[in-house]
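Asker: need coordinates for the below:
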Amino acid sequence: MDVSRPKPPPISAGLRGRCPRCGEGHMFDGFLTFRPSCEVCDLDYESFNSGDGPAFFVMSIVGILVVGLALWMEITYEPPMWVHALVAGSLSIGLSLAMVRPLKGVLAALQFTNKAEQGRFR
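Answerer: Below is the predicted model of the structure:
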């Protein structure tokens, strides 16, 4: 890797699914599967483990948005229950699928940038 080139910001690299070291290689092989390594700078992605972090953030953000929208719809329009189910179901699924990959990328990029490791007892 070129040492004169600065590291990309971890949040923008993670949101785009790019390598946190060079900013050019792809981080994902499939929808949520990490590649073995970066095709540009050979950064090993095997040590990346975002765990349940992306799922927690997605559930929290989507839950707040969907419940807020459902309350607003109920107070403003009083729609039938099937409208609530249709809107809440489609928004929950759509927003969750749209948010989980970028959040997984951000957490992995932040893990690399901050040199995060598993805690160990001495």
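Asker: helices of this protein, residue ranges please.
Answerer: Ranges of helices within the chain are 10-16, 53-76, 81-113, based on DSSP state H.
Asker: middle-most residue in this protein, spatially?
Answerer: Leu103 (1.3 Å; Cα atoms, centre = their mean).
Asker: neighbours of the residue nearest to that residue when sequence neighbours are not counted, how many?
Answerer: In space, and not counting its chain neighbours, Leu103 is closest to Pro54: 4.2 Å by Cβ to Cβ, 6 or more residues apart in numbering. Every C-beta, even on glycine, is put in place using the N, C-alpha and C of the backbone. Neighbour count for Pro54, taken as other Cβ atoms under 10 Å: 20.
Asker: then Pro8?
Answerer: Considering only other Cβ under 10 Å, Pro8 is surrounded by 19 other residues.
Asker: which ones are touching it?
Answerer: 18, 20, 22-23 (Cβ atoms under 8 Å, 6 or more residues apart in numbering).
Asker: point out where this structure drops to low pLDDT.
Answerer: For the chain, the stretches with pLDDT under 70 are 1-4.
Asker: what's the most buried one of the helices of the chain?
Answerer: Comparing these by mean neighbour count (mean count of other Cβ atoms under 10 Å), helix 10-16 comes out on top with a mean of 19.
Asker: which other residues reach that one?
Answerer: Here helix 10-16 makes contact (Cβ under 8 Å, 6+ apart) with 19-20, 23, 27, 102, 105-110, 112-113.
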